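> just coords:
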């Protein structure tokens, strides 16, 4: 039986655009106390956009945290904790790829960094994509590319796609669709 | 052509056991400046432990960030940025599951939270598991359970397994081994 940790005190150290940075004082199951740094996040949505020919759209953007560009499925944070995840998914799909879809189906739900952040990303599969207009945030500089299932699988096992939500989403989509 | 962001200034705001919390002042491709909060992490390793009968070992532990227990593949941070990932993998496998293996093969490499953290997790598949001794950190309270491929797939699509490294690793292992 795994027992919970008891939250004794939460100090919100920093409020940023993306998360609140907190120092949480916890009582462990053995009675000791410790401090866990914890990021509180509004949650996000991501989309596997499938073209009519079966290829999948990814976005390439510079990621400062890792100091290089990365290939990812389109994704973005909810505007608030009240926004339905599917609304965020539809918005980010259109803003980042320039395609929209009324055919969004839930695929998986993921927690990105479970050791220190409560961010949940709900992942959807989008089909029947219609050309629309890309509409990027001021700090987004993005290129859109389409890849076959085989190309994506190869890039994952070669380490060319490393983003966790992207690998989890693509491999789950392949498993569900083709096994 | 995606251009890099230029790092103008880094303020290390907080050094914790798990990461350094930084405020990075950046120059964007369009010339504006902005601040990105960035977590610097030593990197981690994770393991898909495969029993001789094909079942896979997961660990269940309480995760404060999400306020509940979670099922995950065994994983843990490197002791330092110089530690080979495979050493961390072998150590975490033995400490968390009580099994050891001399047969660790690289599977995938993932970045957990690409928007704000540089954490890389190198994931290995471990076979020929030998019973050894579980040896948990003082704040680890863990149960070990074995599941079939079908059970794991069902739990992922039912949202009962949400951890991103675990979904990425298991689905990649299934794709590589059975497709």
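Right, received. Where do you want to start? It should be emphasised that the depicted structure is a prediction, and the values quoted were computed from it without experimental measurement.
> Going by residue numbers, what spans are helices in chain A?
Assigned helices in chain A, in chain order: A:85-97, A:149-157, A:164-178 (criterion: DSSP state H).
> Please convert these to TSV, extending it with mean pLDDT, distance to residue B:31 and mean neighbour count.
Quick note: C-beta positions are derived from backbone N, CA and C, even for glycine. Formatted as TSV, the helices of chain A follow (pLDDT from 0 to 100; distance: least, CB to CB, whole Å; neighbours: other CB atoms under 10 Å in any protein chain shown):
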stretch	mean pLDDT	distance to residue B:31	mean neighbour count
helix A:85-97	96	22	21
helix A:149-157	98	32	17
helix A:164-178	96	30	23
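> Turn those into TSV, columns for distance to chain B.
Compiled in TSV, the helices of chain A are given as follows (distance: least, CB to the nearest CB, whole Å):
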stretch	distance to chain B
helix A:85-97	12
helix A:149-157	6
helix A:164-178	3
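> Mind putting those into a markdown table with distance to residue B:57?
A markdown table is the format used below for the helices of chain A (distance: least, CB to CB, whole Å):
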| stretch | distance to residue B:57 |
| --- | --- |
| helix A:85-97 | 31 |
| helix A:149-157 | 23 |
| helix A:164-178 | 19 |
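> of the ones you listed, which approaches residue B:13 most closely?
Among the helices of chain A, helix A:164-178 comes nearest to residue B:13, with 24.8 Å by CB to CB.
> relative orientation of the closest one and helix B:164-178 in degrees?
Relative orientation of helix A:164-178 versus helix B:164-178 (axes from the mean of the first three to the mean of the last three CA atoms, to 10 degrees): 40 degrees.
> How far off centre is helix A:164-178?
13 Å (CA atoms, centre = their mean, to the nearest Å).
> Residue A:140: which of the helices of chain A is closest?
helix A:85-97 (7.3 Å).
> Can you pull out the residues in contact with that closest one?
A:43-47, A:49, A:57, A:59, A:74-79, A:99-101, A:104, A:106, A:122, A:124, A:126, A:132-137, A:140, A:142, A:144 (CB atoms under 8 Å, 6 or more residues apart in numbering or on different chains).
> Now, of the residues you listed, which are buried?
A:43-47, A:49, A:57, A:59, A:74-78, A:99-101, A:104, A:122, A:124, A:126, A:142 (16 or more other CB atoms under 10 Å in any protein chain shown).
> Now, those residues that are in strands?
A:44-47, A:49, A:57, A:59, A:75-77, A:99-100, A:104, A:122, A:124, A:126, A:142 (DSSP state E).
> and those near chain B, which?
residue A:142 (CB under 8 Å from any CB of the partner chain).
> Quick check: residue A:51 touching residue A:146?
Yes: the criterion here is CB atoms under 8 Å, and residue A:51 meets it with residue A:146 at 6.1 Å.
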